[in-house]
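> next comes the sequence, and after it the predicted model I'd like to discuss.
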Amino acid sequence: MVGVRVAVIACDVLKDEVMYTASSFSGVWADVFWLEHMVHDRPSLLREKVQRYIDMLSAYDCTVLAAGRCSNGSLGVRAGSVPLVFPAVDDCVAILLGSRYAYEQEMQREPGTYYLTRSWIRSGDNPMRVYRRYRSKYGSDTALWVARELVKNYKRVVLIDTGAYPVGCCRRYAKAVARFMGARYEEKKSSLELLRRLFAVASGTEGAPDVCRLEPGEVISEVHFTGAEGPVGC
């Protein structure tokens, strides 16, 4: 029996985790459409790309936006002809840590933290990549200064173990990033609970904390992230 047809629009730094959750969640048949990590630096472009996807994905039962608020890039996005489900979190790190609460706890404990996962290493940027990109154009000294200046406030590098794959495959690279930054290296076990909640709400099986569901035509706004009643079901 075919389950709920879900279109997932997701940041590509969540690729491992989204694919793992989508393939293991019973009752959901999902297609995934990826957003390049670089569009997060341009909120208006992010909003435009998300809206374009939503407007063309009318053949599904529900659309899931697997991305955070991302510098207000999701604000103003309008649900299309089907419901829109999204996490009420500031950025993708909260999704990788499993909840908004876990993210807030880490931010209070040590805000100067640079997070990595396998997909983040593959798709996102990091200071080592910045250095290599600038070295051929500006020379080693300038490239090194630029790369380290970008992360000068980070004191800790955390490799997140979401359970979607063995983290040993990227531990060496993550440690190299930490050494390059002169930062402390740690690993943190997390869960895919927030992603699981997105699929649960999309399939109609349950409501969930940190997850909003908009009806067709409704718009993502500030209240979905900061409303006094909180993000439960919005």
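Perfect, thanks for sending it.
> pLDDT weak spots in the chain?
1-2, 227-234 (pLDDT under 70).
> please enumerate the helices of it.
Along the chain, counting by DSSP state H, helices occupy 15-24, 43-56, 92-97, 100-109, 118-123, 127-138, 140-150, 168-181, 193-203, 223-226.
> do you know which of those helices lies nearest residue 6?
For these, proximity to residue 6 was assessed by Cβ to Cβ; helix 193-203 is nearest, at 5.0 Å. Using the backbone N, CA and C atoms, a C-beta is placed for each residue, glycine as well.
> contacts only, for the most centrally placed residue in the chain.
For the chain, the residue whose C-alpha lies nearest the mean C-alpha position (Cα atoms, centre = their mean) is residue 92; its distance is 2.5 Å. By Cβ atoms under 8 Å, 6 or more residues apart in numbering, the contact list for residue 92 reads 11, 13, 14, 67, 68, 70.
> buried subset of these, written for PyMOL?
Typed into PyMOL, the line below selects the buried ones among those, using 16 or more other Cβ atoms under 10 Å:
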select buried, resi 11+13+14+67+68+70
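> rebuild the contacts of residue 92 as CSV, extending it with distance to residue 40.
Supplementary listing: the contacts of residue 92 in CSV, determined by distance: Cβ to Cβ, whole Å:
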residue, distance to residue 40
11, 7
13, 9
14, 12
67, 8
68, 9
70, 5
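> now, the contacts of residue 92 that are in strands?
Those of these mapping onto strands are residue 11, per DSSP state E.
> now, which of the contacts of residue 92 sits nearest residue 109?
Taking those together and measuring to residue 109 by Cβ to Cβ, the closest member is residue 68, at 19.2 Å.
> and the residue lying closest to that closest one once chain neighbours are set aside, how far from residue 168?
Excluding the flanking residues, the one nearest residue 68 by Cβ to Cβ, 6 or more residues apart in numbering is residue 91, at 3.8 Å. Residue 91 sits 26 Å away from residue 168 when distances are taken as Cβ to Cβ, to the nearest Å.
> go on, residue 45?
35 Å.
> more crowded one of those two?
Neighbour count, other Cβ atoms under 10 Å: between residue 45 and residue 168, residue 45 has more, with 15 against 8.
> run a quick neighbour tally on the residue nearest to that one when sequence neighbours are not counted.
Take residue 45 and drop its neighbours on the chain: the residue closest to it by Cβ to Cβ, 6+ apart is residue 39, 5.0 Å away. Applying other Cβ under 10 Å, we find 20 residues neighbouring residue 39.
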